[in-house]
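In: task: produce atomic coordinates for the following.
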Amino acid sequence: MTARTPAERRQQASALPPVPDADAADIAAFLDAIWAESGLARPTLDSYRRDLEGFARWRDGRGGGLAATDRAGLFDYLAWRTRQGYSPRSNARLLSALRAFFAHRLRQGLRRDDPTALLDPPRLPRSLPKALAESEIDALLAAPDTATPLGLRDRAMLELMYAAGLRVSELVHLPATAVNLRQGVLRVTGKGSKDRLVPLGEESQHWLETYLAQARPALAGKRSVPSLFLGTGGEPPTRQQFWTLVKRYAAAAGIDPARISPHGLRHSFATHLLNRGADLRALQLLLGHSSLSTTQIYTLVAREHLKQLHGRHHPRA
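Out: A predicted model of the protein is given here:
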């Protein structure tokens with residue numbers, strides 16, 4: 001069977017019947033509980049909701065609700081998704097949502113067993129973060145037209161994302177109060193509502209100061225808005241809007257947009273710091289990773305860079 005594209009699956013999902021009331025109530029109660037207990041970010045909660053609602057719809061068409069699912073039902077659903085062309089990464093995310101859902105029901109005494117207990121997650125191929133070369137970063141950062149308020153805003157956003165290694169969601173949700181130009185630091189609220197302080201470099205600080213003095217007042221008008229970065233309507237750009245801008249500026253800079261990922265500047269920030277001798281623990285703090293093992297993936301990128309240098313320049317490579 002030909003794999004469906006994400007757009008085709010979204011179109012199909014929009015035509016599906018509503019989630020059964022009982023399942024919708026169970027999902028809502030679960031999401032409220034894990035938000036209160038773990039402080040999960042909104043994108044994670046939305047992802048859990050979509051996965052659980054998709055499973056609930058599938059179960060409803062075959063008899064039985066989400067909460068009463070057994071292991072055989074999970075096997076059947078995962079097999080169906082595989083035939084439909086869902087990727088191993090998508091199935092692994094689904095299984096993560098199901099594990100959390102049934103663990104919650106066990107804690108609440110609503111179930112006596114966990115149907116996900118003996119299910120192994122799909123084997124995922126190791127994918128290394130894709131970083132741009134430093135010369136490509138320079139070209140990308142110089143792409144916006146800083147003679148316009150929006151171009152100046154975009155330059156400041158790109159500079160800040162690269163200088164501070166921000167996630168896209170962190171960047172677009174920054175409040176104006178997060179910036180301390182006198183001390184040259186940025187307060188970032190990351191995953192799990194955890195705060196971290198990130199130093200600002202001279203370039204990013206210069207463009208932030210210029211944006212705050214020249215562009216933001218024009219974009220805000222007479223409105224009093226808390227967000228640091230604003231659009232023409234006074235609202236902050238969404239993640240999707242910023243991502244579209246990055247792709248457009250990449251093309252203008254002569255960079256293949258297919259080589260840019262949503263976290264491309266963040267990955268480049270981490271890789272370039274390691275290439276220049278940064279300490280892994282310090283990098284973990286700057287990126288806001290809760291585990292050092294998450295940060296260590298960048299050492300593989302740096303190692304690949306060294307191998308390429310060796311291959312290009314060593315006389316016996």
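In: chain center to the helix or strand that contains Phe242: distance?
Out: Element membership for Phe242 (DSSP states H and E) is helix 239-252. Its chain's average C-alpha position is 15 Å from that of helix 239-252, according to C-alpha atoms, centre = their mean, to the nearest Å.
In: export that helix as PDB, just CAs?
Out: Extracted as PDB, the C-alpha positions of helix 239-252 are listed here (Å, rounded to 0.1, in the frame of the first residue of the first chain):
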ATOM      1  CA  ARG A 239       6.000  28.800  14.900                       C
ATOM      2  CA  GLN A 240       4.700  28.000  11.400                       C
ATOM      3  CA  GLN A 241       5.000  31.600  10.200                       C
ATOM      4  CA  PHE A 242       8.600  31.800  11.500                       C
ATOM      5  CA  TRP A 243       9.500  28.500   9.900                       C
ATOM      6  CA  THR A 244       8.100  29.800   6.600                       C
ATOM      7  CA  LEU A 245      10.300  32.900   7.000                       C
ATOM      8  CA  VAL A 246      13.400  30.800   7.600                       C
ATOM      9  CA  LYS A 247      12.800  28.700   4.500                       C
ATOM     10  CA  ARG A 248      12.400  31.900   2.500                       C
ATOM     11  CA  TYR A 249      15.600  33.500   3.800                       C
ATOM     12  CA  ALA A 250      17.500  30.300   3.200                       C
ATOM     13  CA  ALA A 251      16.500  30.300  -0.400                       C
ATOM     14  CA  ALA A 252      17.500  34.000  -0.600                       C
END
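In: which helices and strands sit right next to that helix?
Out: With contacts defined as 3 or more C-beta pairs under 8 Å, 6 or more residues apart in numbering; DSSP states H and E, the packing partners of helix 239-252 are helix 134-141, helix 149-164, helix 168-172. Using the backbone N, CA and C atoms, a C-beta is placed for each residue, glycine as well.
In: what angle sits between the first one and helix 239-252?
Out: Between the axis of helix 134-141 and that of helix 239-252 there is an angle of 120 degrees, by axes from the mean of the first three to the mean of the last three C-alpha atoms, to 10 degrees.
In: residue ranges with poor pLDDT in the stretch 1-150 of the chain?
Out: Of all residues in the stretch 1-150 of the chain, those with pLDDT under 70 make up the ranges 1-16, 124-129.
In: and the stretch 201-317 of the chain, by the same measure?
Out: Low-confidence segments of the stretch 201-317 of the chain (pLDDT under 70): 290, 293-317.
In: hmm, back to that, angle of the helix holding Phe242 against helix 149-164?
Out: Angle of helix 239-252 versus helix 149-164, following the same axes, to 10 degrees, is 90 degrees.
In: just say helix, strand or coil for the closest residue to Glu136 other than its chain neighbours.
Out: Computed as C-beta to C-beta, 6 or more residues apart in numbering, the closest residue to Glu136 that is not its neighbour in sequence is Ile255, at 5.5 Å. The three-state label given to Ile255 by DSSP: H, G, I helix; E, B strand; the rest coil is coil.
In: quick one: residues contacting Ile255.
Out: When the contact criterion is C-beta atoms under 8 Å, 6 or more residues apart in numbering, the partners of Ile255 are 132, 136, 139-140.
In: mind checking how far it is from Ala156?
Out: Separation of Ile255 from Ala156 (C-beta to C-beta, to the nearest Å): 20 Å.
In: got a list of contacts for the helix holding Phe242?
Out: So helix 239-252 is contacted by 140, 143-144, 154, 157-158, 168-169, 171-172, 231, 237, 256-257, 259-260, 262, 264-265 (C-beta under 8 Å, 6+ apart).
In: strands along this protein, start to end?
Out: 179-180, 185-189, 195-199 (DSSP state E).
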